[in-house]
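Colleague: need a structure here:
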Amino acid sequence: MVAIHYADRGAAARSGPVSRSLTQATFAALNAPSVLDTQPWRWRITEHRIGLHADWARQLADLDPDGRLLLISCGAALHHARVALAADGVGVDVVRFPDPGDPSLLSELRYTGPADPAPGIGSLHRAIAVRRSDQRPFADRPVPDGELTLLRNAAEQTGAAARTVHRDATYVVITAPVAAAASDWLTAGEALSAVLLTATAAGLATSPVTDLTAFTPREAEGGFPAAAVRVGVADRFGPPRQAGPPAGPTASAPGNQESP
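Modeller: Residues are numbered from 1 along each chain as shown. Modelled structure (predicted):
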């Protein structure tokens, strides 16, 4: 269950139109991929602001000793929430790590007023609800180069680097600097979300991957592989349906169980 704390007292503050939109965005973030479906984040909502906090109590020490996957998961949740707000016509400033005294506060989304939805944001928003991780073999058809470019551009617009790697399948590999900081892992999670939603909106099948031993820094042109998405054309039956919100990438990838 999503962890939400309302800082404003009283039902009036919570039921205002902006507060409702902010709350709905946190529920959209439930669909974000997270390490073994742990959803390791907490939201603090005021009338005009959301704070995204890392929930370190949900860190999986054996699988994720340095917290990398936790921060990538939080970044994916942040991007999902931003897409939901943008589609709802809610403008926000995104301030990452706004309080040096509180390292668990990863980001604040500060309401700036109504905003016209950007072109294409509606299809990304719809993709949140329908995205599924498809672990099955994809159809034996290549993904068009134009769509792979679209996916790389989606990742790069979040501030991350991305490359296409062709191995047993086609992968979009999201990279971080070799000496990556917490902000780089958060950005990698935003990029992961952007690639997944853009691919879903384009009708492609995806499967997030977190076991990145096959992707060396050389293949990522100097960056450290942070996450990867297996991309392909689904068979004509489409990915299997699941009850409730999708999990996230698996232990080798958060999924059905998913992991970033």
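Colleague: helices and strands around the one helix or strand Thr187 maps to, which ones?
Modeller: Assigned by DSSP states H and E, Thr187 belongs to helix 182-201. With contacts defined as 3 or more CB pairs under 8 Å, 6 or more residues apart in numbering; DSSP states H and E, the packing partners of helix 182-201 are helix 68-87, strand 105-114, helix 121-130, helix 145-156, strand 170-176, strand 205-209, strand 224-232. (C-beta placed from N, C-alpha, C; glycine too.)
Colleague: send the alpha carbons of stretch 35-45 over as PDB?
Modeller: Written as PDB, here are the backbone C-alpha positions of stretch 35-45 (Å, rounded to 0.1, in the frame of the first residue of the first chain):
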ATOM      1  CA  VAL A  35      12.800  -3.700  -6.700                       C
ATOM      2  CA  LEU A  36      10.900  -6.900  -6.000                       C
ATOM      3  CA  ASP A  37       7.700  -4.800  -5.800                       C
ATOM      4  CA  THR A  38       8.700  -3.300  -2.500                       C
ATOM      5  CA  GLN A  39       7.600   0.300  -3.500                       C
ATOM      6  CA  PRO A  40      10.300   1.700  -1.200                       C
ATOM      7  CA  TRP A  41       9.000   5.300  -1.000                       C
ATOM      8  CA  ARG A  42       6.800   7.600   1.100                       C
ATOM      9  CA  TRP A  43       4.900  10.700   0.000                       C
ATOM     10  CA  ARG A  44       4.300  13.800   2.100                       C
ATOM     11  CA  ILE A  45       1.500  16.000   0.700                       C
END
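Colleague: so of the helices and strands packed on helix 182-201, which one's packed in deepest?
Modeller: Mean neighbour counts were compared across the helices and strands packed on helix 182-201 using mean count of other CB atoms under 10 Å; the top stretch is helix 68-87, at a mean of 28.
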